[in-house]
Each structure stands twice: as structure tokens, then as C-alpha cells.
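**Q** Mind looking at a prediction? Sequence and model below.
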Amino acid sequence: MSNEFEMQKKRTAERADLQSELAGGQPMTPLLADDHSSANPALETPVEGRQGFLGRPVLAVLIGGLILVGIAWIVVHYVAG
């Protein structure tokens with residue numbers, strides 16, 4: 001099992017190197033779903049492990065949510081008050 005784990009670590013390092021060489025947004029072969037457990041954990045590169053996008057879309061959602069909360073507060077304040 002240790003030898004298999006070392007091979008998986010090597011493949012993960014190779015995928016990470018490939019991902020760092022690709023231009024942003026360029027497609028790459030996806031990680032295949034395997035049967036993982038606590039005894040056999042999945043090894044992912046930092047790019048594969050990231051759970052979401054960063055940047056302007058996230059900021060837009062946060063600002064939009066704050067604006068909607070402000071509008072809802074104003075409506076409740078004047079209608080119910």
C-alpha cells in the first residue's frame with residue numbers, strides 16, 4: 001500500500017506541475033472519481049482542492065446580498081413600523 005500511495009503522490013505532483021504550466025482557464029483532464037476512505041485518502045493539487053472561484057464575481061455576490069438585505073430592512077422598517 002505504501003508503494004501505491006507513493007505512486008499516487010507522484011501523479012499528484014505531476015498534475016500540479018502541469019496545472020502551473022497551463023495558461024489560466026485552459027482546460028485540463030479532470031481528476032477521476034475513485035473510492036476514497038480515511039485509509040485511502042484522495043490526493044489533490046491545490047487547484048483541484050479549491051472549492052470556489054475568487055475575485056470580482058464573489059465580490060459582486062457579497063455586495064448584491066448586502067444591498068438586498070438593506071432593501072429588505074427598509075421595507076420591513078416602514079411597512080411594519
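**A** Received, thanks. Note that the coordinates shown come from a computational prediction; the quantities given were computed from them, not determined experimentally.

**Q** Tell me where the longest helix sits in this protein.
**A** Ordering each helix of the chain by length in residues (DSSP state H) puts helix 56-80 first.

**Q** Helix or strand with the lowest mean pLDDT in the protein?
**A** Counting by mean pLDDT, DSSP states H and E, the weakest-scoring helix or strand in the chain turns out to be helix 46-49, with a mean of 70.

**Q** Relative to the whole chain's centre, how far out is stretch 9-18?
**A** 18 Å (CA atoms, centre = their mean, to the nearest Å).

**Q** Report the buried residues of that stretch.
**A** Within stretch 9-18, the residues that qualify as buried are Thr12, Arg15, Ala16, counting by 16 or more other CB atoms under 10 Å. For every residue, glycine as well, the C-beta is placed using N, CA and C.

**Q** What is the helix or strand where the second one lies packed up against?
**A** Using DSSP states H and E, Arg15 maps to helix 2-21. Secondary-structure packing of helix 2-21 (3 or more CB pairs under 8 Å, 6 or more residues apart in numbering; DSSP states H and E): helix 46-49.

**Q** Show me the protein divided up by domain.
**A** Domains of the chain are assigned by automatic domain parsing as 1-50, 51-81.

**Q** Sweet, I'm off.
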